[in-house]
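Undergrad: Provided below are the primary sequence and the corresponding predicted coordinates.
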Amino acid sequence: MPINLQKAEFVRSAAKASDFPRDRLAQVAFAGRSNVGKSSVINRLLNRKNFARVGAAPGKTTHINYFLIDSAFYLVDLPGYGYARVSMAEKQRWGRLMEEWFADNSLMTLGLMIVDSRHKPTADDCTMAQWFKNSGKPFAVVANKLDKLRKSDIEPNLARIRETLELDGDVKVIPFSAEKGDGKQELLNLILDHAEGLA
């Protein structure tokens, strides 16, 4: 049975490790800087306008949000990082929550890191990529905002992202536009390969 992406529901906001679902369903984790369009990428994948709240108050960034897709797998929205106007205590709480999440090797099936295709990845992006690498689980990088690039800049920018994040050759960098839908099918195929592989 194909997975019905329209059947998507918000399940919970996890603020501590005991809140993480551990029901053996695949968990596809999205991570990215606060302003990189992570919610827009999720909304585009699910064909829903405001499913993952776009531009929600940055205070929500200290929670991990779980969306259940067709009772088959979770989309896990990890807190946006690199947000300047969050207190040190908030950042530390965020860091602890992320450490606990990544420390439990039974959780993540596939990691997806959203970056801005126009810019060189930041130090925070490099740190996030390292978390994914250290997890030993498969992950890919989604280079969002493709529609804002000139055609001639796409290849060099993707190469710069790969080089800056020090990605192995087997890590995909998927050019993506949440605005126009470019890259949507490639990303969906990757997600469903991993989600259905566990089903």
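TA: Nice, thanks for sending it over. Residues are numbered from 1 along each chain as shown.
Undergrad: List the buried residues of the lowest-mean-pLDDT helix or strand in the chain.
TA: Every helix and strand of the chain was ranked by mean pLDDT, DSSP states H and E. The lowest is helix 88-103, at a mean of 85. Judged by neighbour count using 16 or more other Cβ atoms under 10 Å, the buried positions of helix 88-103 are 90-91, 93-94, 97-98, 100-102. In this view, the C-beta of every residue, glycine as well, is placed from N, C-alpha and C.
Undergrad: Let's have the residues you listed in TSV, adding distance to Glu163.
TA: Shown next, in TSV, are these (distance: Cβ to Cβ, whole Å):
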residue	distance to Glu163
Glu90	32
Lys91	28
Arg93	33
Trp94	28
Leu97	30
Met98	25
Glu100	31
Trp101	28
Phe102	24
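Undergrad: Just the closest of these to Asn47, please.
TA: Trp101 (27.3 Å; Cβ to Cβ).
Undergrad: Surely that closest one is in contact with Phe20?
TA: Yes. Applying Cβ atoms under 8 Å, one finds Trp101 in contact with Phe20, separated by 6.6 Å.
Undergrad: one step back: compute the inter-axis angle for the next helix-or-strand element following the least confident helix or strand of the chain and helix 88-103.
TA: Using DSSP states H and E, the helix or strand that directly follows helix 88-103 along the chain is strand 110-116. Strand 110-116 runs at 140 degrees relative to helix 88-103, counting by axes from the mean of the first three to the mean of the last three Cα atoms, to 10 degrees.
Undergrad: can you list contacts of the next helix or strand after strand 110-116?
TA: Once strand 110-116 ends, the next helix or strand along the chain (criterion: DSSP H and E) is helix 123-135. Helix 123-135 is contacted from outside by 31-33, 81-82, 98, 102, 105, 108, 111, 113, 115, 121, 139, 141, 164-167, using Cβ atoms under 8 Å, 6 or more residues apart in numbering.
Undergrad: if we go to 7 Å?
TA: 31, 33, 81-82, 102, 108, 111, 113, 115, 139, 164-165 (Cβ atoms under 7 Å, 6 or more residues apart in numbering).
Undergrad: Quick check: phi and psi on the residue located most distally from the centre of the chain?
TA: Taking Cα atoms, centre = their mean, the residue of the chain most remote from its mean C-alpha position is Ser152, at 26.4 Å. Main-chain torsions, Ser152, degrees, to the nearest 10: phi -70, psi -20.
Undergrad: List the residue ranges of the protein that fall below the pLDDT cut-off.
TA: 1, 53-62, 83-86, 197-199 (pLDDT under 70).
Undergrad: can you give me the helices for it?
TA: 38-46, 88-103, 123-135, 151-164, 184-198 (DSSP state H).
Undergrad: any chance of those helices in TSV, plus distance to Phe73?
TA: Listed next are these as TSV, based on distance: least, Cβ to Cβ, whole Å:
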stretch	distance to Phe73
helix 38-46	12
helix 88-103	16
helix 123-135	17
helix 151-164	26
helix 184-198	4
